[in-house]
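Asks: This is the structure alone, sequence omitted:
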Ligand SMILES: C[S@@+](CC[C@H](N)C(=O)[O-])C[C@H]1O[C@@H](n2cnc3c(N)ncnc32)[C@H](O)[C@@H]1O
């Protein structure tokens, strides 16, 4: 059995379990910074007026809604996630905000996107990539799903570099975060897993290198809120060979 197949049931069950309290805990544990981080990622999307966008690991739909809010209802957003609990919450939220005409939700896995060919002007993934061990395969899948000139935006939590803020962050993630998580979600394992998944995530230079290896060009990244989150951007360009072709 490959690593991909081992990790999927464990991660999926965990997200199914925490789905009902996911939004509440996100806002609480990040002191609402999660809202600002998603807003920042969406404001970095550069797509044509009537774009077709994909949000992978869409969870409860916040990124998809932010895209329609910022970019307008001329756009179409597809959201995929492998947790049906998350998708049900996303569907309700999207209906409440009257956005169901522009946001299309599907059950699906990041390793194997349920779309054919070069479909998307932009692909986003927020707080999803750290749950995926084989990041290169997924990045290649995203690259294949983008139109030429399309862009990938990855938002992910990170560990601040050094200094006082690092000490505060360590105390917070080892003590306060698991305690609050256990209290509100009754799932102590998930909120112990969260800090360890952040600690195991590659540093920004390494992750940017994986994006390049998957074929992305002009890869750049920006630290947000003292480096607790990082926004990565990469572009799919025409390959050198086809640029030279007549
Ligand atoms: C931390 S949540 C992030 C949700 C949302 N993007 C947000 O901004 O709040 C991670 C999400 O990724 C989904 N997920 C994790 N691995 C996945 C995979 N391989 N394919 C599809 N969804 C996945 C989980 O079900 C969960 O909804």
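Replies: That came through, no problem. What you are looking at is a predicted structure, and each value in this text was computed from that prediction instead of being measured.

Asks: and the residue in the chain that the ligand sits nearest to, how many neighbours?
Replies: Residue nearest to the ligand within the chain: residue 59 (2.4 Å; C-beta to the nearest ligand atom). For every residue, glycine as well, the C-beta is placed using N, CA and C. If you count neighbours by other C-beta atoms under 10 Å, residue 59 ends up with 24.

Asks: Partner strands of the helix or strand hosting residue 125, with direction?
Replies: Using DSSP states H and E, residue 125 sits in strand 120-126. Strand 120-126 has its sheet partners listed here by DSSP bridges as strand 52-56 (parallel), strand 146-157 (parallel).

Asks: For residue 233, give its distance to residue 42.
Replies: As judged by C-beta to C-beta, to the nearest Å, residue 233 and residue 42 stand 12 Å apart.

Asks: Looking at those two, which is more packed in?
Replies: Under the criterion of other C-beta under 10 Å, the comparison of residue 233 against residue 42 puts residue 42 first, with 25 against 21.

Asks: got a list of what that one touches?
Replies: 63, 66, 67, 70, 71, 124 (C-beta atoms under 8 Å, 6 or more residues apart in numbering).

Asks: Just the ones of those in helices?
Replies: Residues of the contacts of residue 42 located in helices (DSSP state H): 63, 66, 67, 70, 71.

Asks: Neighbours of the last one, how many?
Replies: Going back to what we said before, that points to residue 71. Neighbour tally, residue 71, other C-beta under 10 Å: 20.

Asks: Could you check how far it is from residue 10?
Replies: Taking C-beta to C-beta, one finds residue 71 at 35 Å from residue 10.

Asks: quick revisit: tell me which of the strands paired with strand 120-126 is the most buried.
Replies: Highest mean neighbour count among the strands paired with strand 120-126 (mean count of other C-beta atoms under 10 Å): strand 52-56, with a mean of 26.
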